[in-house]
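Colleague: What follows is a protein structure lacking sequence information:
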């Protein structure tokens, strides 16, 4: 699985949860909150993405994550570890 | 098939809940702390309740955050998700508050309250991905105050707050949470801490003139998990036989 594959999973779950976001305007350099996510939305996007990717990231590793790209980097590192 | 995670699965009340759940087409992850072999044997016994019952014991110390996270993850994977969680674990010490040592206070709070938090935190991460699920906290009427059981009473009252908070935070994602405040039930902790005469006194104080049975708790818990309770959340149901 490539980093782009991981990004695609996060993007898919983000757009499923944030139904008002225009897919054409999805910008991985922005934070989920900037895109319009509330705390519950972030929890759902993160949990659903981890489930789809079959990884479990310890909470402390997610504390400093700001942008979608940073989230994808953390997930991708765990996907590589799993492989 | 519906999928249930049950804590306190090695207790008499835990067994009654598991039996009722399996009979009602739930598969069950039986979570216990010390009685792994006994609970594993019980898991096999549940196959006599329903041939295709999928049940397994998961032994861990729920006061250990990492252990709880790992075990809940394993249980959810075993079941293929989580539709219900019943938290039926608990410990107590009988002592006046003024004489309650630090270690006994921490032991009760760590197990009954913090352990429940560690478990529900992981369950919520699982349930939010499916936007459904129900929690039932088996608490106690001791939550309203009980002489000689201050730490236990405080822990159970705190669980009412925890349950109501789940209801508030996750209701919009289809997740419900309720508490079952159990009165005098002729099982485990109650029979260990009350002699025959005290048990009779409790029975006489109830409108139904009897002690509760583990099956009474199981029936109410299964109701709160069921679609029949789909508009009930954030509530505390007193299961006390109609205390007078």
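Modeller: Yep, it's here. Bear in mind that the values here come from a model prediction, so they are computed numbers and not experimental data.
Colleague: can we go C-alpha only for contacts and neighbour counts from here?
Modeller: Will do.
Colleague: Tell me how many other residues crowd the closest residue to chain B within chain A.
Modeller: Taking CA to the nearest CA as the measure, chain A has residue A:48 as its residue closest to chain B, at 5.1 Å. Each residue near residue A:48 was counted by other CA atoms under 10 Å in any protein chain shown, and the total is 24.
Colleague: ok, it to residue B:117 distance?
Modeller: From residue A:48 across to residue B:117, the span is 21 Å (CA to CA, to the nearest Å).
Colleague: just residue B:13 next, same as before
Modeller: According to CA to CA, residue B:13 and residue B:117 sit 20 Å apart.
Colleague: still on that earlier bit, so what's the residue of chain A closest to chain B closest to, chain neighbours aside?
Modeller: residue B:129 (5.1 Å; CA to CA, 6 or more residues apart in numbering or on different chains).
Colleague: Three-state assignment for that neighbour, please.
Modeller: coil (DSSP: H, G, I helix; E, B strand; the rest coil).
Colleague: My guess is it contacts residue A:44. True?
Modeller: Yes: between residue B:129 and residue A:44 there is a contact under CA atoms under 8 Å: 5.9 Å.
Colleague: With neighbour numbers in mind, choose between the two.
Modeller: The neighbour comparison of residue B:129 against residue A:44 (other CA under 10 Å) goes to residue A:44, with 25 against 21.
Colleague: Check which helix or strand that one maps to.
Modeller: Counting by DSSP states H and E, the element that carries residue A:44 is helix A:39-53.
Colleague: Check which helices and strands that helix sits against.
Modeller: helix A:3-17, helix B:115-127 (3 or more CA pairs under 8 Å, 6 or more residues apart in numbering or on different chains; DSSP states H and E).
Colleague: Downstream of the longest one, the next helix or strand is which one?
Modeller: Sequence-wise, the next helix or strand downstream of helix A:3-17 (DSSP H and E) is helix A:32-35.
Colleague: Tell me the pLDDT of the residue in chain B that chain A sits nearest to.
Modeller: Nearest residue of chain B to chain A (CA to the nearest CA) works out as residue B:129 at 5.1 Å. Residue B:129 is assigned a predicted lDDT (pLDDT) of 96.
Colleague: Residue B:34 now?
Modeller: 82.
Colleague: got it, and residue B:209?
Modeller: 94.
Colleague: before we move on, back to that, residue B:13 and residue B:117: who's more crowded?
Modeller: Taking other CA under 10 Å, residue B:13 and residue B:117 do not tie; residue B:13 has more neighbours (25 against 20).
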